[in-house]
Every structure is written in structure tokens, then in C-alpha cells.
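Novice: Here's a sequence, model it:
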Amino acid sequence: MMNIPIDMKMDDAQWQQLIREVAEHFNNLTIMRGFQYYKQKRVGSLTFTEQHGIIAGVQGSEDYEVTLSIQSLPTSHCTCPVGATCKHMIAVMMSYAELMERPVHAIVNAHSSTALKHAPKPVASMSAHSNYVSDQDLDIPHHQYSQIKERALELEGLEIMEWHELFEKCQARLGTGTPSTAYVQEAADELYAIKPKLSAGMDQLFEFHVHLYLMRYCIPARHSTTHTPIYLSYPVQLAVDSLQKGVEQVLTRPLQFADLPDNKLKQLWKRLEETVTYLRTQMMPETSTLMLFTPIYRQVWLNWIVPHVQNQQLLESELNILQEIEAQLKETAVNTPGSSGGSVLSVANLTGSSQTGKSGKSPPLSLVLAQSWMYFHLQQDEQAWQRLTSGSTAYGIPAEHLLHFLHVLADESDWKRLGAWLAQLGPLLANRRNEPLQDYMKLWDTTIEHLPETENHMWDTLVSMLPHSRPAYEDAMHSRGQWRRWIDFQLSTETEPLEFRVAVLQPIEKDAPELLLPFYHQAVERYIGHKNRDGYKAAVKLLKRLSKLYKKLKQEDRWEDFITALAVRNSRLRALQEELRKGKLIS
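Specialist: Reported below is the predicted structural model:
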């Protein structure tokens, strides 16, 4: 955990004061949007200033810098168009609260004087939250509930969609309510109450689908006629987070295929294939602002299917389905939507104009990722790269989805293939926050450690990613002691030597001091060319460093010739002459 300066830590009274100021200066909508940015990890590392402030970058439509004054929120500012009391500030504040181990929800609920309470049971129809809700009365007589339990005894032979229909009817006993952690837990209890005795693998699928059903219930339906991103309220976000963790836990356990008779094995595979169909349908409308089912689809293939696939037929079949979906999406973008039937077209209708656009050239991001994963598992890397890097969706792919390809290969110790993927995906990670690039560079380091010949590919890739890869490129050169390459880069970009911390330049002064001479000389001439007092002071500061370097190199005569010529050449610049004398560089 980052060390927080003592003067930046808050006692309970100061924390409560901060909450009151949040309520005073930020409206609820701004707080909620800031919470989404915080949850999406858009906030970079926090830097604490001597003035009791926090500086942090936040990735929005562009990269913005927030300067947050905890002791005086009104004096805080952001480089975004809003400038003050914006969602970027809230996101930074929540990251700060997390570091202090303070409850983030206290900021979310700043406008409320009491804690969130569980909403009363049934009020609104589930249709606002689920794709599987009918308009019938949700109160279920006892005899109907008995019928539900009897139907559940046939669960292994029912299709997955019939599972969800049973879940819907069972949930009706509880009644609908505002999605929250408490409500989701009560609903889960109701669903588990009808679960019959199942085989180990089918039992896992039941647990998995309880989580999926409740997650679908929590998420508002996306309307195809609007481009507005979906934002989850704080209690809904907490419920979804809890369900996501449950899904991850289920997926980490291998699906139990062993010791099943043939008929049971066929049933389990059938339910698994139907699970893929369900996930495929749910993920198609998703955008980069809220992708919940897309990563689950990916993990089902990675953890449960691919390890048990005896041939490529299942992967190729899924790829064909995905390509058929894309073809029909393009068709519906040209023709009137809904003009033909079929289950695949229903998926296209779900995505609507918010994904494909009028030209039909941009398939849904989830579709692009799904196709890429199929190519990846088929080891058709060229096709996977082409899918990821072509089209307008390429640079909108969230970094974590790109990095997952790389981490899978790292986990498999497939270094040669990982090196090729690193080179291909690097440009897609350009213009991202530092954290994804740091993760990306660690993967390069690990690959080079096992396969040294891939280092040249790393340099070529980083150069192709410039200027966005500059921090990673500089760090790679510096950490490997490639001083000449590092200096040449600084000279070509006319970087200011005085911007670097002493610790950055010290190892170069120790190992290759002669390389710093042109770097410092170039900057001195640039500073003098500003023809102002600040420029002259900067030049003198750097000239003092040059003096020490020439002395270290035992070239005092060259230094004397240079400083004399410099003073004579600029003899008309009186302010410069004064600064040179103050610095005791000339008499």
C-alpha cells in the first residue's frame, strides 16, 4: 500500500467534515459518475504535495489532471472542461479514501444523513431489470410453488432458458425490489431452496446460473435507440460486485466431468453449450463502459471448455456462429431491423444502432473480442491480431481485455508466442494510463528473461508506439543501462535536463559521463536563446553541472575554452553576464 504522509491522514472528525463538504459542493449525479470512474480504475497513482494536496491523472474522454485540496475542496481544480466540482475529482477522492481504508460509500452517500436501508419489497415490475419477466401477477399461491419445486426436480433435463424461467417464477415469491446486496442474497436463498440433488458438474452450473440470473436482474435493460451509457447506482454496483466475485469463484473450480455415465455427460455438455448461447446473447449489447458478461463468456471457454475439447470442431462451430451474427448485424444496418426472424437476428436486434452505427462497419466490441478468443484458442494468431487491430473498435478495447491474452500465454509459459502477441498488441495499448503500460512492460521483461532474442522486437514495438509509450520506452532504456540510446532519444526530443530527478541522471554520470555533454550543451544554448532572466538562471545551473563533468573527465582546459567563448559570444546579454558572475563561472 502507498505510504500516506502523516499530515495527509485524517481523524474521524476531519473525515466527517470532508463528507459534509462533498455534499455541499457536489451534486448526486456527479458523485455517481465519479464512482463509476473509480470502479473502472481510471484514476492513476496519487501524488501528495507539501500543500496538503493530491495530484492524480484521470482517464476520461481525454487524460485530465486533478489537483485536489482535501482541506479546501473549493480551491481544487481539474484540467477537464468543467474545471471544478467534477466527476474526476470525486474519483480521485474515492481512491484517496480507499488508501486511508475509509468507506468509499460514505462519499457516495454524502447527501444522505442516514445509511442506505433495504427497500420495501414488491413494488415495480421486474421488466425494468430482466429480459425474462412477464406481465403476470407476481404473487404465487402455495400450490403453484409446489409445482415449481416439482418442475425443478427435472432440472438436469431442462434447457438453460427453462432454468431461468423457473428462477423468475421462484423469485416471484419474494417479490421484486430495488437491487441491492441484501435483496440479491434473499433472492439467491429462494433459488437455492428449489435446487434438487444434482451431479457435481451440474451443481456447479446451477450455482453459476443463479449468479448470472441475478446479475441480469440488477442491470437495467439497454435501449437500442440511445447511446447513453449505463450507470449503476451504488447499492446496485455493490450487488453486482458481489455477484461477479461469486462467478469468479465458481469458474476457478474445474467443471466436474469425471466419473459421469455417458447420458449424464451428454446432458452436462448440452447445458454447457446452452450456457455459452446465453452468455453470447447477454454480452452482445455491452459496450466498453459496462462489460460484465463478455469476460464471463471468455472465462467459460478458457476454464471449462478448452481444457476438455478433444478437437477443434467446437471452437470452429462457435466461430462460425459469431461470424453469422456479424453478417446479420451488417445486413440489419442496411435493411429495416426486424425484417427477418431467427435466434441470431434477435441478438442483432439487441445490439441496435448503439453498436454498429449506420454504416455497419463497426461490429460490437464484445463480438470482436469473442471472435479473437476463438482464433486465439485455435492458435490462428494472425487472424486474431487482424480482428483486434482492424476497424474503429480497435483503440476502444479496454486494456484489461487486451492484457488478458498476454497473461494467458504467460501462465502457459509460451514465451515465443507471447513475444509475438506483445509486439502486435502494443500499439493498441498506446494512449492508455501508466498502469496498463507497466503491466505490459513486466510481461516483456519476463519474456526476454526466458527468450533473450525477443528484446529487439520490444524496442521496435516501443518505438512504433511513440509518443504514447515514452515513459515505458525511457524506463526500458534506463533500467537496461542503454545510456547512449537514452541520451540520443532525449536529444532528438529536446528534453530539458533540469526536468529529471537527480537519481535518473546519477547512474549516467557514473557510467558514461561523456554522453551527458551534448545533452547539457544543447539545453544551455536553448535556455540562453529564451533571452530572459529565468532562462539565464537555468543555463547557469546546467553550466555548473557541465563544469563538474569536464573536471571528472579531466578536461578542464576544454571547459575553460568553452565558458570563455560562451561569455564573449553573449557579451551583449547583460543579464546573462550577471548570472554567470553570480554563479562564479566568470570573473
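Novice: Could you use CA atoms for every contact and neighbour count after this?
Specialist: Noted.
Novice: Return, as residue ranges, the portions of the stretch 201-350 of the chain with sub-threshold pLDDT.
Specialist: Where the stretch 201-350 of the chain drops to pLDDT under 70, the residues are 221-229, 333-350.
Novice: Please read the previous query as pertaining to the stretch 351-500 of the chain.
Specialist: Low-confidence segments of the stretch 351-500 of the chain (pLDDT under 70): 351-361, 432-433.
Novice: can you give me the helices for it?
Specialist: Using DSSP state H, counting those that start in this stretch, the helices of the stretch 351-500 of the chain run over 353-356, 365-377, 381-389, 399-411, 415-425, 434-450, 455-464, 470-479, 483-493.
Novice: Turn the ones you listed into JSON lines, columns for mean neighbour count and distance to Q244.
Specialist: Below are the helices of the stretch 351-500 of the chain laid out as JSON lines (neighbours: other C-alpha atoms under 10 Å; distance: least, C-alpha to C-alpha, whole Å):
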{"stretch": "helix 353-356", "mean neighbour count": "22", "distance to Q244": "24"}
{"stretch": "helix 365-377", "mean neighbour count": "22", "distance to Q244": "18"}
{"stretch": "helix 381-389", "mean neighbour count": "17", "distance to Q244": "26"}
{"stretch": "helix 399-411", "mean neighbour count": "16", "distance to Q244": "16"}
{"stretch": "helix 415-425", "mean neighbour count": "19", "distance to Q244": "27"}
{"stretch": "helix 434-450", "mean neighbour count": "18", "distance to Q244": "22"}
{"stretch": "helix 455-464", "mean neighbour count": "16", "distance to Q244": "35"}
{"stretch": "helix 470-479", "mean neighbour count": "16", "distance to Q244": "32"}
{"stretch": "helix 483-493", "mean neighbour count": "15", "distance to Q244": "44"}
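Novice: closest to F257 out of those?
Specialist: Ranking those by proximity to F257 (C-alpha to C-alpha) places helix 365-377 first, at 20.6 Å.
Novice: the inter-axis angle of that closest one versus helix 381-389?
Specialist: Inter-element angle recorded for helix 365-377 and helix 381-389: 160 degrees (by axes from the mean of the first three to the mean of the last three C-alpha atoms, to 10 degrees).
Novice: Helix 365-377 packs against which elements?
Specialist: For helix 365-377, the elements it packs on are helix 293-299, helix 313-334, helix 381-389, judged by 3 or more C-alpha pairs under 8 Å, 6 or more residues apart in numbering; DSSP states H and E.
Novice: Determine the set of other helices and strands touching the second one.
Specialist: Helix 313-334 makes packing contacts with helix 343-351, helix 353-356, helix 365-377 when contacts are defined by 3+ C-alpha pairs under 8 Å, 6+ apart.
Novice: 10 Å instead?
Specialist: Packing partners of helix 313-334 (3 or more C-alpha pairs under 10 Å, 6 or more residues apart in numbering; DSSP states H and E): helix 262-283, helix 343-351, helix 353-356, helix 365-377.
Novice: quick one: buried residues of that helix?
Specialist: Buried positions in helix 313-334, judged by neighbour count with 16 or more other C-alpha atoms under 10 Å: L315, E318, L319, L322, I325, E326, Q328, L329, K330, T332, A333.
Novice: Helices of the stretch 101-250 of the chain, residue ranges please.
Specialist: 104-108, 142-152, 160-174, 181-192, 200-218, 234-252.
Novice: Which segments of this structure make up each domain?
Specialist: 6-108, 137-284, 309-395, 398-480, 495-582 (automatic domain parsing).
Novice: And the first one, how far out from the chain middle?
Specialist: This means domain 6-108. Mean-position distance between domain 6-108 and its chain equals 19 Å (C-alpha atoms, centre = their mean, to the nearest Å).
Novice: Low-confidence regions, the stretch 51-200 of the chain specifically.
Specialist: 112-143, 176.
Novice: circling back: among the domains of the chain, which is nearest Q299?
Specialist: Of the domains of the chain, the one closest to Q299 (C-alpha to C-alpha) turns out to be domain 137-284, at 7.2 Å.
Novice: returning to what we had before: what would the helices of the stretch 101-250 of the chain look like in JSON lines with mean neighbour count?
Specialist: What follows is those, written out as JSON lines (neighbours: other C-alpha atoms under 10 Å):
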{"stretch": "helix 104-108", "mean neighbour count": "20"}
{"stretch": "helix 142-152", "mean neighbour count": "14"}
{"stretch": "helix 160-174", "mean neighbour count": "19"}
{"stretch": "helix 181-192", "mean neighbour count": "18"}
{"stretch": "helix 200-218", "mean neighbour count": "21"}
{"stretch": "helix 234-252", "mean neighbour count": "17"}
